[in-house]
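Participant: Build me a model from this:
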Amino acid sequence: MPKGYLALVLHAHLPYIRHPEHDDFLEEDWFYEAIFETYIPLLLVYERLVEDNVDFRITMSLTPPLINMLADPLLQERALKHIEKLITLSEKEIRRTEFEPHFNNVVKMYNWKFNEYRAYFLKYDKNIVNWFKKFSDLGKLEIITCGATHGYLPLMRVNEKAVRAQIKVAVACHKKHLGKQPNGIWLPECAYYPGVENILRENGINFFFVDSHGINYARPRPKYGVFAPVFTGNGTAVFARDIESSKQVWSSKEGYPGDFNYREFYRDVGFDLEYEYIKPFINADGLRTFTGMKYYKITGTSDHKEAYDPLTAGHKAAEHAGNFMFNREKQIEYLASNMDRKPVIVAPYDAELYGHWWYEGPEFLNFFLRKVHYDQDIFKTITPSEYLKEYPVNQVCAPCESSWGYKGTHEVWLEEGNDWLYRHLHKAADRMCELAERFPDAQGVLRRALNQMARELLLAQASDWAFIMKTRTNVGYAINETKDHLARFTKIYEDINNNCLELPWLHWIEYKDNIFPEIDYRVYS
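Facilitator: Numbers count the residues shown, from 1 in each chain. Below you'll find the predicted structure:
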């Protein structure tokens, strides 16, 4: 019997980006990179663990925007073209680096992996949601939901119907694509405010996560700190992040990803090679972009970079996996000696850390889960649902309002660079509720228009736009997306009030912003 548990939680999310009006849109690359640098590499780790009868548990949130993009035929075809372009580039690079063995071996590795990713992508008919579902059905992966478009719920609570719509639409999306009710949720940006648990409970959600201070400053203060869940007043369970285990993996400076033997993210052939040579493989507008093919290791803190060695990096990932396991053993042994129940260490990360930012991340996870299975008996990996089944009685507390952003507050999403957003989002939410009440059973074109209003509002509410404005990256795109969705929302609102809906335009917007095809605008009534 183990002395305790580790709950690994990976938050898989991307903003909804779909531009059918362009053949090659720069920001869509975020999606293709995530598929072939994070999601498929992680799924291959799960696949091989199952093949080798290695028992493991992981919790993953698949957010509704990500699920809808993964299931979209247009984006599926574009993703296939993306990986085929990389295969062509890698073949060309094998010939170019023929007399540079330190690079040639790396290129051959890429070529082999790209072909494997393409094969598995096609095996699941270009919809890897079905691949995730496979491991959920096997009981290895607990898939939880999120807000419908990752809306920042504490800053939406001035209209509770808007918060409720984010949760209702998310649950419906999860049921449609994964075939079951989600038992838990990753609150967008891990942002909690008192009372949101009532909306979660209404929608069948039994647990959620907060950052460590959300529990450490709960009232009354939890007896076991972050190492056991607590219940809110209505019985919804709350799990909190363990800082020690999270930082050890997450931090690029103090954690494993900063090791000098790992691959350097910022040295990419999209920027390193001659322009005319690389031009067919970068953005169609001629902008240099990341391709995902990188030949250098971190090396050190200077600009000097040495050739990447996948074998050395793999050994380092195994070493770090062993160290991470050792630290969790000691942590759990200590905690177990001071608790009347088995402790649970909750270690949440953005999924994109594994593979995209930290190239060796999936291999680290592979080594770690195998070591946990074979090399120790102090702890096991577990899902929140399994832990609650083992310990159905827990302390009742009121968590502290919190997020996992800078300073643990709402500051990232509400500061001088993005605070102008909210008066427009609140006004739009009020208008959506107004029309939902005025037309309780709309039909035909009016119903289509109201449903599209709901989509545009949800898309405008995505927390990603405020986050991008705060971090000063792709600010123009974030502002344009917010304004465009609000402008479309407002046009439909005014057209409905003036009884002059433009059908060709509405049809185009339904195709362009086609998230949640099953949506019912009455979630706002």
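
Participant: give me the low-pLDDT residue ranges for the stretch 151-300 of the chain?
Facilitator: Along the stretch 151-300 of the chain, no part satisfies pLDDT under 70.

Participant: what ranges do the helices span in it?
Facilitator: Here the stretch 151-300 of the chain has its helices, by DSSP state H, counting those that start in this stretch, at 160-178, 196-202, 212-216, 243-250, 269-272, 275-278.

Participant: So which elements touch the third one?
Facilitator: In this case it means helix 212-216. strand 237-240 (3 or more CB pairs under 8 Å, 6 or more residues apart in numbering; DSSP states H and E). Placement of C-beta: from N, CA and C, glycine included.

Participant: who does the strand it packs on pair up with?
Facilitator: Here strand 237-240 is paired, per DSSP bridges, with strand 207-210 (parallel), strand 230-231 (antiparallel).

Participant: Minimum distance to residue 490: which of the helices of the stretch 151-300 of the chain has it?
Facilitator: helix 160-178 (16.2 Å; CB to CB).

Participant: Now find how far off-centre the closest one is within its chain.
Facilitator: The gap between where helix 160-178 is centred and where its chain is centred comes out at 17 Å by CA atoms, centre = their mean, to the nearest Å.

Participant: for stretch 77-95, same thing?
Facilitator: Worked out by CA atoms, centre = their mean, stretch 77-95 lies 25 Å from the chain centre.

Participant: Over to stretch 155-169?
Facilitator: On CA atoms, centre = their mean, the centre of stretch 155-169 falls 20 Å from that of its chain.

Participant: ok, and what's touching that stretch?
Facilitator: 64, 147-149, 151, 153, 185, 188, 193, 195-196, 199-200, 202-203, 205, 410, 413-414, 422, 425-426, 429-430, 432-433, 454, 457-458, 461, 516, 519, 523-525 (CB atoms under 8 Å, 6 or more residues apart in numbering).

Participant: Make a ChimeraX selection of the buried ones in those residues.
Facilitator: With 16 or more other CB atoms under 10 Å as the burial test, the buried ones among the contacts of stretch 155-169 are selected in ChimeraX as follows:
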select :64,147,148,149,151,153,185,188,193,196,199,200,203,205,410,413,414,422,425,429,432,433,454,457,458,461,516,519,523,524
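
Participant: what about residue 393, how many residues close to it?
Facilitator: Residue 393 has 7 neighbouring residues, counting by other CB atoms under 10 Å.

Participant: returning to what we had before: out of the helices of the stretch 151-300 of the chain, which comes closest to residue 317?
Facilitator: Nearest to residue 317 among those is helix 243-250; the distance by CB to CB comes to 11.4 Å.

Participant: quick one: contacts of the closest one?
Facilitator: So helix 243-250 is contacted by 6, 212, 254-257, 324, 327-328, 331, 345, 347-349, 353, 364 (CB under 8 Å, 6+ apart).

Participant: okay, among those residues, which ones form the most distant pair?
Facilitator: Farthest pair in these, by CB to CB: 212 and 364, 22.8 Å.

Participant: Show me which of the two is the more surrounded one.
Facilitator: Neighbours were counted for residue 212 and for residue 364 using other CB under 10 Å; residue 364 has more, 24 against 19.

Participant: what about the longest helix in this structure?
Facilitator: With DSSP state H applied, the helix covering the greatest number of residues in the chain is identified as helix 310-336.

Participant: That helix packs against which elements?
Facilitator: strand 4-12, helix 101-123, helix 243-250, strand 344-350, helix 361-374, strand 379-381.

Participant: Can you get me a residue count around residue 488?
Facilitator: 22.

Participant: can you pull the buried residues of the helix-or-strand element of the chain with minimal mean pLDDT?
Facilitator: Lowest mean confidence among the helices and strands of the chain (mean pLDDT, DSSP states H and E): helix 243-250, at a mean of 87. Buried positions in helix 243-250, judged by neighbour count with 16+ other CB under 10 Å: 245, 246, 248, 249, 250.

Participant: Would you mind getting the angle between that helix and strand 344-350?
Facilitator: 30 degrees (axes from the mean of the first three to the mean of the last three CA atoms, to 10 degrees).

Participant: Give me the distance from helix 243-250 to the chain's centre.
Facilitator: Going by CA atoms, centre = their mean, where helix 243-250 is centred and where its chain is centred differ by 18 Å.

Participant: Map the structural domains onto the sequence of the chain.
Facilitator: 4-407, 415-524 (automatic domain parsing).

Participant: ok, residue 180 - how many residues close by?
Facilitator: 11.

Participant: for it, what are its contacts?
Facilitator: 136, 174.

Participant: Would you quantify the distance from it to residue 50?
Facilitator: Between residue 180 and residue 50 the computed distance is 19 Å (CB to CB, to the nearest Å).

Participant: Now list the buried members of the contacts of helix 243-250.
Facilitator: 6, 212, 255-257, 324, 328, 331, 345, 347-349, 353, 364.

Participant: which of those residues has the weakest pLDDT?
Facilitator: Taken together, the buried ones among the contacts of helix 243-250 show their lowest pLDDT at residue 255, with 89.

Participant: roughly how far apart are that residue and residue 5?
Facilitator: 22 Å.

Participant: go on, residue 249?
Facilitator: According to CB to CB, residue 249 and residue 5 sit 17 Å apart.

Participant: Check residue 485 too.
Facilitator: Residue 485 is 42 Å from residue 5, by CB to CB.

Participant: same thing with residue 311?
Facilitator: Distance of residue 311 to residue 5, computed by CB to CB: 33 Å.

Participant: got it, and residue 71?
Facilitator: Taking CB to CB, one finds residue 71 at 33 Å from residue 5.

Participant: Would you mind listing the residues in contact with residue 198?
Facilitator: By CB under 8 Å, 6+ apart, the neighbours of residue 198 are residue 234.

Participant: rerun at 10 Å
Facilitator: Shown in contact with residue 198 (CB atoms under 10 Å, 6 or more residues apart in numbering): 160, 164, 232, 233, 234, 236.

Participant: would you list the buried residues of helix 243-250 in JSON lines and tack on distance to residue 473?
Facilitator: JSON lines is the format used below for the buried residues of helix 243-250 (distance: CB to CB, whole Å):
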{"residue": "245", "distance to residue 473": "28"}
{"residue": "246", "distance to residue 473": "23"}
{"residue": "248", "distance to residue 473": "26"}
{"residue": "249", "distance to residue 473": "23"}
{"residue": "250", "distance to residue 473": "19"}
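
Participant: For stretch 117-129, list the C-alpha coordinates in PDB.
Facilitator: C-alpha atoms of stretch 117-129 as PDB (Å, rounded to 0.1, in the frame of the first residue of the first chain):
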ATOM      1  CA  TYR A 117       3.300  12.100 -35.800                       C
ATOM      2  CA  ARG A 118       1.700  12.200 -39.200                       C
ATOM      3  CA  ALA A 119       1.000   8.500 -39.100                       C
ATOM      4  CA  TYR A 120      -0.800   8.700 -35.700                       C
ATOM      5  CA  PHE A 121      -2.600  11.800 -36.700                       C
ATOM      6  CA  LEU A 122      -4.100  10.000 -39.700                       C
ATOM      7  CA  LYS A 123      -4.700   6.900 -37.600                       C
ATOM      8  CA  TYR A 124      -7.200   8.800 -35.500                       C
ATOM      9  CA  ASP A 125      -8.800  10.500 -38.600                       C
ATOM     10  CA  LYS A 126      -7.000  13.800 -37.800                       C
ATOM     11  CA  ASN A 127      -9.100  14.200 -34.600                       C
ATOM     12  CA  ILE A 128      -6.900  13.400 -31.600                       C
ATOM     13  CA  VAL A 129      -9.700  14.100 -29.200                       C
END
